[in-house]
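In: sequence below, structure please.
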Amino acid sequence: MNEPDLIIQKAQKRVIESIGRNMDLYGISLSTGLLYGLMFFQNKPMTLDEMGQAMEMSKTSMSTGIRTLVDLKMVNKVWEKGSRKDQYEVENDWHQTFTDFFAIKWRKAIEMNLQALRRSTAELEELASRYPEDESLQEKIGVNLGKMRHAISYYLWLERLIDTFESGEIYKLVPKEEPVRSH
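Out: Next comes the predicted model:
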């Protein structure tokens with residue numbers, strides 16, 4: 001391999017390894033992060049066999065990694081005329097990738113937490129109504145209800161934040177940067 005190709009390969013490897021190590025932010029394993037990094041530098045869709053060969057991993061491992069990346073909308077399944085094998089390519093809009101990931105994960109957490117908070121709030125309010133004369137109990141319930149209402153307001157704010165990402169309104173507040181040109 002000639003010097004320019006070696007330098008390009010070394011630069012790509014450094015970025016792939018960095019992407020792989022940082023994918024834990026998305027709850028993704030190192031090997032799946034490395035797979036994503038590998039696919040990022042491909043100029044065409046890849047099959048599971050090609051991925052397995054490039055990463056020296058089994059087709060089963062590649063399948064598990066790809067399924068994770070597809071579920072998170074970081075990789076898209078693509079159709080190529082004349083090919084019977086599934087092919088995949090990286091979603092190049094990283095802003096959209098982040099938005100999709102953020103929305104998927106946080107909406108699920110918000111729903112679960114709001115459900116628990118609302119149910120608990122209702123139970124405590126019902127308990128307070130049964131013992132209106134017990135000042136000590138009313139104080140305990142009041143403190144807990146205050147904390148729960150504070151948490152509910154946070155999750156409602158978080159829902160609105162996610163809405164700004166999904167609608168694209170966030171980019172009015174924090175505009176996307178144009179890609180940096182080195183030359």
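In: so how far is stretch 143-161 from its chain's centroid?
Out: Relative to its parent chain, stretch 143-161 has a centroid offset of 23 Å by CA atoms, centre = their mean, to the nearest Å.
In: buried stuff in it?
Out: For stretch 143-161, the neighbour count (16 or more other CB atoms under 10 Å) marks 148, 151, 155, 158 as buried. C-beta here means a position set from N, CA and C on the backbone, and glycine is covered the same way.
In: widest-spaced pair of those residues?
Out: Taking CB to CB, the two most distant members of the buried residues of stretch 143-161 are M148 and L158; they sit 15.4 Å apart.
In: from the buried residues of stretch 143-161, which is closest to E91?
Out: For these, the closest approach to E91 (CB to CB) belongs to L158, at 23.8 Å.
In: could you say what helices and strands the strand or helix carrying that closest one packs with?
Out: Per DSSP states H and E, L158 falls inside helix 135-167. Under the contact definition 3 or more CB pairs under 8 Å, 6 or more residues apart in numbering; DSSP states H and E, helix 135-167 sits against helix 94-130.
In: tell me where the chain is predicted with low confidence.
Out: Along the chain, the model assigns pLDDT under 70 to residues 182-183.
In: look at the nearest residue to T99 once chain neighbours are set aside and say how many residues are nearby.
Out: Using CB to CB, 6 or more residues apart in numbering and skipping residues adjacent in sequence, the residue nearest T99 is F165, 4.5 Å away. The tally of other residues near F165 (other CB atoms under 10 Å) stands at 18.
In: helix, strand or coil: sort out L6 for me.
Out: Look at L6: counting by DSSP: H, G, I helix; E, B strand; the rest coil, its state is helix.
In: which ones are touching it?
Out: For L6, no contacting residues are found, by CB atoms under 8 Å, 6 or more residues apart in numbering.
In: and the gap between it and K13?
Out: For L6, the distance to K13 (CB to CB, to the nearest Å) stands at 10 Å.
In: repeat that for I7.
Out: For I7, the distance to K13 - CB to CB - is 11 Å.
In: for I19, same thing?
Out: According to CB to CB, I19 and K13 sit 11 Å apart.
In: outline the domain layout of this protein.
Out: When the chain is parsed with automatic domain parsing, its domains come out as 3-91, 95-173.
In: can you put these in a markdown table and add distance to R181?
Out: Listed next are those as a markdown table, based on distance: least, CB to CB, whole Å:
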| stretch | distance to R181 |
| --- | --- |
| domain 3-91 | 16 |
| domain 95-173 | 19 |
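In: of those domains, flag the one that's most buried.
Out: Burial of the domains of the chain is given as mean neighbour count (mean count of other CB atoms under 10 Å); domain 3-91 ranks first at a mean of 15.
In: distance from the chain centre to it, please.
Out: With CA atoms, centre = their mean, you get 16 Å for domain 3-91.
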